[in-house]
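Novice: have a look; sequence and predicted model below, questions after that.
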Amino acid sequence: MEVFIRLNDDIERDFAFQVDKNGKFNDKIMHLFDTENGIGSFMNLKPSIFHKSKPVGFYKSIHPGYLTDNGSLLFPLDADEKEFLEELDLGNVEICKQLWPHQLIVPIWEKSGLAIFIYCAFFAFWLYTDLPDFISPTPGICLTNQVSRLVKYIVESFGYIQLAKVLENEIKPNSANKLAQIIFFSCHLFKVIFISFFFYTGFFNPISFNPLVFINTRKGALHKEKIKNILTEYGWIGVRRATFDEYYTDYYKYVVEKAGGQVEAYKQGILKSFSKPGVLLGKGEGFQTPIDKRFTIDTFEAMKIEKKFYLSEKYFLTVEKILKKDIDSLGENMGEIVKLLRNFRRYGLFNSNDEIKEMVQIRKSIEPDDESESKPEQEKKEQ
């Protein structure tokens, strides 16, 4: 059974993992964040340096999902909003009784008070040393002056007395006018804000600032066989689920290329479907389908009667049958088979059968013909 786990609390890092459907979350998934023996020992999985290294809980996203034209489900931008999260039982209930295949697991991270304090204290001290001399209670202690004092000592020892005197004059308190001091301090202030932005957003997210930890991590990275064994143990597949925008772009390229170019795609009327390449599901549909009804619901019959998309065993068997047919058509070309499976995990189906296409069209027929309905991520970005 394959599920997706959101790493770094990043919508673009929903990675696929293979799990034992009869196992429990405490068996393995909880331990993949372990900084000693898990994936967390050589890869930073937390959102930023301001968070603790391990999640404080695990939830599943019960956002219904976005149903594509070929009958696959993508995770919308708001899939991790509080209203769509449901806590998982980590030790008592089997995974298959809590999750649908390909459902999203969202780790919950807690801020680290110690990390925030150390960060703020460090930069507060740095800014204090850079205060303008005419304001600072201890003028002349900035890092630049400390470096200049060291250089002055070195050049003096080599006999460059004139250069040493120039440096001595530069490090004297109030050697620059007040305006220059204010401009200099403002530059430092903006630099700290800029650095903090990159740390806060997780754009720069080192595994540790401790040199020993960093060195040990690099040493571990050299043992590729060890890393491979750890990744295999935790079911790491190495494929992340595409966002809506990524799916839209890549599926468009695929369809146009398959048609023989944009002109041919236009003549065949294929491009019209891209004004609405799927539908955002509503309450009770998709991943909100009760798991205990997996073997009793018929996805396709329910669509004809209720015009709602429910997950079911029949749906997954149909998808599996389509995927197997595509694999068989490739013969023994392992490279293409691997590519096909990778694309399936990333985008879902790019080719489906008439039964699925008809089902999607029925579901789309009850939605308003509005482009904003077909592009939930773009709509949210504009807001």
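Specialist: Yep, that arrived. Residues are numbered from 1 along each chain as shown.

Novice: give me the pLDDT value at the nearest residue to residue 268 once chain neighbours are set aside.
Specialist: Distances taken as CB to CB, 6 or more residues apart in numbering place residue 259 nearest to residue 268, at 5.8 Å, with adjacent residues excluded. All C-beta spots, glycine's among them, are computed from the backbone N, C-alpha and C. Looking at residue 259, its pLDDT stands at 84.

Novice: let me see the contact set for residue 259.
Specialist: 265, 268, 270 (CB atoms under 8 Å, 6 or more residues apart in numbering).

Novice: just read off the phi/psi values of it.
Specialist: Here the main-chain torsion angles of residue 259 (degrees, to the nearest 10) amount to phi -80, psi -20.

Novice: I'd like the distance between it and residue 271.
Specialist: 9 Å (CB to CB, to the nearest Å).

Novice: follow-up on the earlier one: derive a PyMOL selection command for the buried subset of the contacts of residue 259.
Specialist: This is how PyMOL selects the buried members of the contacts of residue 259, with burial counted by 16 or more other CB atoms under 10 Å:
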select buried, resi 265+270
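
Novice: could I get the full set of strands for the stretch 151-300 of the chain?
Specialist: 236-240, 278-280 (DSSP state E, counting those that start in this stretch).

Novice: now residue 36: which helix or strand?
Specialist: Assigned by DSSP states H and E, residue 36 falls within no helix or strand.

Novice: residues near residue 5, how many?
Specialist: 23 (other CB atoms under 10 Å).

Novice: now, which of the contacts of residue 259 sits nearest residue 293?
Specialist: Checking these against residue 293 with CB to CB, the nearest one is residue 270 at 35.6 Å.

Novice: wait, isn't that closest one in contact with residue 252?
Specialist: No: applying CB atoms under 8 Å, one finds residue 270 not in contact with residue 252, separated by 9.7 Å.

Novice: can you list the low-confidence ranges for this structure?
Specialist: 214-223, 368-383 (pLDDT under 70).

Novice: max-length helix in it?
Specialist: As assigned by DSSP state H, the longest helix anywhere in the chain is helix 178-200.

Novice: got the contact list for that helix?
Specialist: Here helix 178-200 has contacts from 48-50, 119, 123, 126-127, 130-134, 174, 176, 203-205, using CB under 8 Å, 6+ apart.

Novice: same question for that helix: list its buried residues.
Specialist: 181, 185, 188, 192, 199.

Novice: any chance of those in CSV, plus distance to residue 140?
Specialist: Shown next, in CSV, are those (distance: CB to CB, whole Å):
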residue, distance to residue 140
181, 11
185, 14
188, 15
192, 20
199, 29
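
Novice: any idea which of those residues is closest to residue 91?
Specialist: Out of the buried residues of helix 178-200, the member with the shortest distance to residue 91 (by CB to CB) is residue 199, at 34.5 Å.

Novice: mind checking the end-to-end distance for stretch 31-43?
Specialist: 13 Å (CA to CA, to the nearest Å).

Novice: chain center to it: distance?
Specialist: Relative to its chain's centre, stretch 31-43 lies at 17 Å (CA atoms, centre = their mean, to the nearest Å).

Novice: for that stretch, which positions count as buried?
Specialist: So for stretch 31-43, counting by 16+ other CB under 10 Å, buried means 31, 32, 33, 35, 38, 39, 40, 41, 42, 43.

Novice: which of these sits closest to residue 353?
Specialist: residue 32 (35.9 Å).

Novice: distance of that closest one relative to residue 228?
Specialist: 15 Å.

Novice: and residue 311, by the same measure?
Specialist: 33 Å.

Novice: which one of these two is surrounded by more residues?
Specialist: Counted by other CB under 10 Å, residue 311 and residue 228 do not tie: residue 311 has more neighbours, with 25 against 11.

Novice: gap between that one and residue 72?
Specialist: Taking CB to CB, one finds residue 311 at 12 Å from residue 72.

Novice: then residue 48?
Specialist: For residue 48, the distance to residue 72 - CB to CB - is 31 Å.

Novice: can you check residue 2 too?
Specialist: Counting by CB to CB, the gap from residue 2 to residue 72 is 13 Å.

Novice: okay, now the domains of this structure?
Specialist: The chain is divided into the following domains under automatic domain parsing: 2-111+216-382, 114-200.

Novice: gap between the two ends of stretch 90-98?
Specialist: End residues of stretch 90-98 are separated by 10 Å (CA to CA).

Novice: can you give me how far that stretch is from the chain middle?
Specialist: That offset, for stretch 90-98, works out to 24 Å (CA atoms, centre = their mean).

Novice: ok, the nearest residue to residue 156 once chain neighbours are set aside - contacts?
Specialist: Nearest non-adjacent residue to residue 156, counting by CB to CB, 6+ apart: residue 164, 4.5 Å away. Residues in contact with residue 164 (CB under 8 Å, 6+ apart) are 152, 155, 156.

Novice: distance to residue 144 and neighbour count added to those residues, as a markdown table?
Specialist: Rendered in a markdown table, the data for those read as follows (distance: CB to CB, whole Å; neighbours: other CB atoms under 10 Å):
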| residue | distance to residue 144 | neighbour count |
| --- | --- | --- |
| 152 | 12 | 20 |
| 155 | 16 | 17 |
| 156 | 18 | 15 |
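
Novice: confirm residue 86 sits in a strand?
Specialist: Yes: when DSSP: H, G, I helix; E, B strand; the rest coil is applied, residue 86 is found to be in a strand.
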